[in-house]
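S.K.: Below are the sequence and a predicted model for it; my questions follow.
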Amino acid sequence: MPKNMTMKRFSFIYISLCLVLVLLVGLPTQAQTKRYDEYDPIADFYNSFWSKPLERLAMGKLNRLLVPKLKPKAKILDLMCGTGHIAAALHAQGYQMTGLDGSAKMLEFAKQNVPSMELWLKDARTFETRQKFDAVICMSDGLNHIMQLKGLTQAFTQVYKALKKGGRFVFDMNWEQRYIKGWNIRGARFEFKNSEGIFTSSYNRNTRQGTLKFWLYSPMDGSKKTWKRTQWELTQHCYTPAQIKQALEKAGFKKITVYEAAQDLDDQRNAGRAYYVCQK
Ligand SMILES: C[S@@+](CC[C@H](N)C(=O)[O-])C[C@H]1O[C@@H](n2cnc3c(N)ncnc32)[C@H](O)[C@@H]1O
């Protein structure tokens with residue numbers, strides 16, 4: 001066979017093998033790690049309605065579980081920082097804050113709320129950094145938005161790597177009791193700017209999936225005769241306490257303390273919300 005024919009055949013086989021490899025390995029990995037940006041459409045709503053009460057709830061727990069252990073000016077990463085309200089409260093206490101979120105729109109509000117904070121538009125499952133933090137926090141059931149255990153373990157692993165030795169990771173996650181008792185809103189009405197909206201929440205015990213749905217009706221003109229309807233959906237996964245513990249241990253955490261809001265923190269309204277304090 002002429003030499004250039006052998007070369008052509010070799011190149012063809014080589015390129016085909018590469019393509020097969022890309023299809024088998026590359027594409028699924030990319031699809032799994034697409035940056036989470038599902039809060040973009042509700043960032044304005046979240047900033048107006050939910051940020052403040054969630055900040056109060058989170059700061060009550062952080063001031064009890066984390067702040068007493070921190071040195072002044074400690075470096076803290078707020079993972080899934082959203083609109084940055086919690087970071088702003090910690091910044092006001094003198095801590096050096098960095099915020100990470102997958103939603104560019106949530107980060108636009110975070111920029112307004114804490115102008116001096118370094119912000120990273122990244123996914124919690126895949127972020128990498130050479131910086132080391134004294135603490136990482138992830139509040140208001142952010143981690144329940146990760147729909148697969150593999151992704152949750154990846155996020156815990158990245159957090160473990162980002163911590164200094166002895167550093168603490170504090171987060172909360174919803175356990176099943178919380179979804180069963182609280183995620184059954186049939187239709188709550190709300191007004192937002194010049195629009196009106198409804199939201200529902202539900203929980204499926206078989207799939208262990210929680211779903212929030214929003215419908216927003218905005219007038220197309222001053223007469224309010226024609227309305228534009230926009231709709232969004234957010235989902236969460238309910239992990240068992242054993243799954244969460246296993247994922248933390250797989251990531252490297254050995255010292256793990258869990259506080260269930262009602263039983264351990266005297267917070268009946270948040271029964272089923274569990275606060276984790278892990279140390280590297
Ligand atoms: C319920 S909000 C909590 C925001 C903030 N921690 C708070 O307490 O107000 C959840 C946030 O997690 C972010 N998020 C969810 N999954 C993410 C992921 N895989 N990577 C980065 N951000 C994510 C969302 O964009 C959203 O801002």
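M.R.: On my side now, so go ahead.
S.K.: What residues does this protein have near the ligand?
M.R.: Proximity of the chain to the ligand (C-beta under 6 Å from any ligand atom) is limited to residues 36, 39, 51, 54, 58, 80-82, 85-86, 101-103, 106, 123-125, 139-142, 145-146. C-beta: built from backbone N, CA, C; applies to glycine.
S.K.: so K111 makes contact with L119?
M.R.: Yes: counting by C-beta atoms under 8 Å, K111 does reach L119; the two are 6.3 Å apart.
S.K.: list the buried ones in the helix or strand harbouring D264?
M.R.: According to DSSP states H and E, D264 maps onto helix 261-265. In terms of neighbour count (16 or more other C-beta atoms under 10 Å), helix 261-265 has its buried residues at 261, 265.
S.K.: Tell me which helix or strand comes right after that helix.
M.R.: Following helix 261-265 toward the C-terminus (DSSP H and E): strand 273-279.
S.K.: Direction included, what does the helix or strand where W232 lies pair against?
M.R.: According to DSSP H and E, W232 maps onto strand 227-237. If you go by DSSP bridges, strand 227-237 pairs up with strand 209-219 (antiparallel).
S.K.: Give me the mean pLDDT for the partner strand.
M.R.: The predicted model assigns strand 209-219 a mean pLDDT of 93.
S.K.: how about it as PDB, C-alpha atoms only?
M.R.: Only the C-alpha atoms of strand 209-219 are listed here, as PDB (Å, rounded to 0.1, in the frame of the first residue of the first chain):
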ATOM      1  CA  GLN A 209     -38.500  16.300  44.100                       C
ATOM      2  CA  GLY A 210     -39.800  19.700  45.300                       C
ATOM      3  CA  THR A 211     -41.200  22.100  42.700                       C
ATOM      4  CA  LEU A 212     -41.900  25.800  42.900                       C
ATOM      5  CA  LYS A 213     -43.900  27.300  40.100                       C
ATOM      6  CA  PHE A 214     -44.500  31.000  39.400                       C
ATOM      7  CA  TRP A 215     -46.900  32.800  37.100                       C
ATOM      8  CA  LEU A 216     -46.500  36.500  36.600                       C
ATOM      9  CA  TYR A 217     -49.200  38.600  34.800                       C
ATOM     10  CA  SER A 218     -48.000  42.000  33.600                       C
ATOM     11  CA  PRO A 219     -50.300  44.500  31.900                       C
END
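S.K.: Pull out the buried residues from that strand.
M.R.: Buried residues in strand 209-219, counted by 16+ other C-beta under 10 Å: 209-210, 212-214, 216.
S.K.: go on, stretch 57-72?
M.R.: Taking 16+ other C-beta under 10 Å as the criterion, stretch 57-72 shows 57-59, 61-62, 65-67, 70 as buried.
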